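# structure, please.
(chains A and B)
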Amino acid sequence: MAKFMVLLTDDPSYWAKMTPAQMQEVIKQYVAWSMQMHATKRIKAGHKLVDEGGKRMQKVRGKVKVTDGPFAESHEVIGGFYVVEADGYDHCLELLAGHPHLAHGQRIDVRAIEEMGGRRRRAKP
Amino acid sequence: MTAAADPRPLLDQLVREQSGQLVATLTRLLGAAQLDLVHDCVQDALLQALRVWSFEGVPTRPAAWLAQVAKHRALDHLRRARMLAAKAPELERWAQRSAAAKRLEPAAADGAPADDVLHLMLLCCHPALSEESRVALTLKCAGGLEVDAIARAFLVDERAIEQRLVRAKRTLREVNVPFALPTGDELRLRLDALLDVIYLLFNEGYSATRGEELSRADLVREALRLGALLADHPATTAPRVHALQALMLLQAARLPATPDDAGELRMLAEQPRKEFDATARARGFWHLARAATGDELTRFHLEAGIAALHAGAPTHAATDWTRIVWHYDRLLESNASPIHELHRAIALGNARGPAAALAALAPLSVEARLARHPTLPAARAEFLARLERREEAAAALAEAIALATNGAQRRWLAQRRAALLGAPRG
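Prediction:
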């Protein structure tokens, strides 16, 4: 078994067009997906990230510079993440293929988590 | 991968029940005049909860979780509306109770939530509101149905429902109705109105008037849930409440037998009794026994009696049609309804033969309220066919097909007509 970091990237303008009732319907699809994944113990962790008010730190000319973001106007915001357990990349992608995020034209990024300590170091390609 | 069962129906039910509960509690805390604010808070809380749950999964006690979020939303709104000082302490107490309930077994939590939903439903049936507003408001507030679902259920466009809700809320603000249990005659009146609303909801679910689906299971479930709440609560339990619950359960017991294997409509005569839902039937008879404890005989009693005769009959042929006719006669004494006349004529035909049915059906053809009702020509066709008057029967079926608004019903009638004319079944 390998673990994967799954990042859901949102385009906030897509959601801004919906009425709360429509949004509720759409998000119920998300919850239904996660309920199934939780029921089969595929999701090891998962959290929604707060939409706004993030900070970005960077050392600029020897000093840590802090900027605000992301904002709702931005094109891409990481809405949340899961840690998914799967047999390998293919299996993980298969599990995610039915995620409603894709049906709504949004992007999912998947990265294998590097594991140490005698276990397989790299997920099967 | 092995997929777990689709959790959607459960999730929908959870959201509906919790939203009704939250609207009820917040309305008690903030007042009936604040229904708009209440709806906004509940909408926000649900949305936020769902977004978190789509990553973390649904918590074991979603109710307590939602109560917390709704409290914060309400406080935010109140802060903006500068009403904070007056209402905040109450909200605080409520949220603490909900948080405490999280640690307790469900049975140990206080009984207030059911009371709140009950008060809310009775508020929605205030006499100052028109009947259509009562229905819309009850479904929106206590039933947790969204505007589009209500619009779908009653075949009006969303804007019309939106307007009804706006008008209803304005009326409640103007009349300044207290959020408390009415007493005496006032309670009786509002309870009667509420029973009508619930039965309307049930009927809409039981035989979807339009569209392709035969019934809307979600509406039926919602009507049964609200009915059970009234039947269980000491303030509203009454023989006629049990009668309505019995009527709905005994009819709902037949739902699994209604569609045939192809999902098409199957008439009562063709429904295999063994496919009836035994649990719903047993619960129906239990409520029927409780309905008989007083001396009141309402239309719900009589209709439940008819449903019981159907549900209890071993076969369609062995149904006690004479007693069914008796029940319809009693119903017609208090309430001259052409629909009841129609069903009485059908029962009469089964009890005393097709000629009696045709004689009873004949005067109904001038009844304006039945002019667009496919059951009238369909019934005439049935009894004409039993007299081997095939061509007249086929003509009556054609009339019924033209009037049918439900796709499944139309297909059933067309099939029946094809069989009658000796054409191969389609």
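# spell out whether the strand or helix carrying residue B:71 and chain A are in contact.
Using DSSP states H and E, residue B:71 maps to helix B:62-81. No - Helix B:62-81 lies out of reach of chain A by CB under 8 Å from any CB of the partner chain, never closer than 10.5 Å. (Glycine included, C-beta is placed from N, CA and C.)
# off-centre distance for stretch B:357-377?
Here the centre of stretch B:357-377 is set off from its chain's centre by 26 Å, with CA atoms, centre = their mean, to the nearest Å.
# now it: buried residues?
Neighbour counts over stretch B:357-377 (16 or more other CB atoms under 10 Å in any protein chain shown) mark B:357, B:358, B:360, B:361, B:364, B:370, B:373, B:374, B:375, B:376, B:377 as buried.
# against residue A:84, how distant is the last one?
Going back to what we said before, that points to residue B:377. Counting by CB to CB, to the nearest Å, the separation of residue B:377 from residue A:84 is 59 Å.
# again with the second one
Per CB to CB, residue B:358 is found 68 Å from residue A:84.
# same check, this time on the fifth one
Distance of residue B:364 to residue A:84, given as CB to CB: 64 Å.
# quick one, phi/psi of residue A:59?
Per-residue torsions, residue A:59: phi -90, psi 120 (degrees, to the nearest 10).
# that one contacts residue A:65, correct?
Yes - counting by CB atoms under 8 Å, residue A:59 touches residue A:65, with 7.2 Å between them.
# need the contact partners of the strand or helix carrying residue B:382.
In this structure, residue B:382 sits in helix B:375-386 according to DSSP H and E. For helix B:375-386, the surrounding residues in contact (CB atoms under 8 Å, 6 or more residues apart in numbering or on different chains) are B:342, B:345-346, B:349, B:354, B:357-358, B:361, B:364-365, B:370, B:390, B:392-394, B:396-397, B:399-400, B:403, B:413, B:416-417, B:420.
# got the residues of chain A near chain B?
So far as CB under 8 Å from any CB goes, chain A lies against chain B at A:20-21, A:23-24, A:27-28, A:30-36, A:38-40, A:43, A:46-48, A:80-82, A:91, A:94-95.
# can you flag the buried ones in those residues?
A:23-24, A:27-28, A:30-36, A:38, A:43, A:46, A:48, A:80-82, A:91, A:95.
# one step back: so can I have a markdown table of the buried residues of stretch B:357-377 showing pLDDT?
What follows is the buried residues of stretch B:357-377, written out as a markdown table (pLDDT from 0 to 100):
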| residue | pLDDT |
| --- | --- |
| B:357 | 94 |
| B:358 | 94 |
| B:360 | 94 |
| B:361 | 93 |
| B:364 | 90 |
| B:370 | 81 |
| B:373 | 81 |
| B:374 | 85 |
| B:375 | 86 |
| B:376 | 90 |
| B:377 | 93 |
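# burial measure for residue B:311, as a count.
Residues near residue B:311, counting by other CB atoms under 10 Å in any protein chain shown, number 24.
# what's the burial count for the closest residue to residue B:217 other than its chain neighbours?
Distance criterion CB to CB, 6 or more residues apart in numbering or on different chains; nearest residue to residue B:217, sequence neighbours excluded, is residue B:205 at 7.0 Å. A count of nearby residues for residue B:205, using other CB under 10 Å, gives 22.
# pretty sure residue B:205 is touching residue B:226, no?
No - at 11.7 Å, residue B:205 does not count as touching residue B:226 under the criterion of CB under 8 Å.
# pLDDT below threshold where in the chain?
Let's take chain A. Within chain A, the segments meeting pLDDT under 70 span A:72-73, A:117-125.
# wrong one, I was asking about chain B
B:1-4, B:81-88, B:95-113, B:153-155, B:207-215, B:258-268, B:423-426.
# since that was my last question, I'll sign off now.
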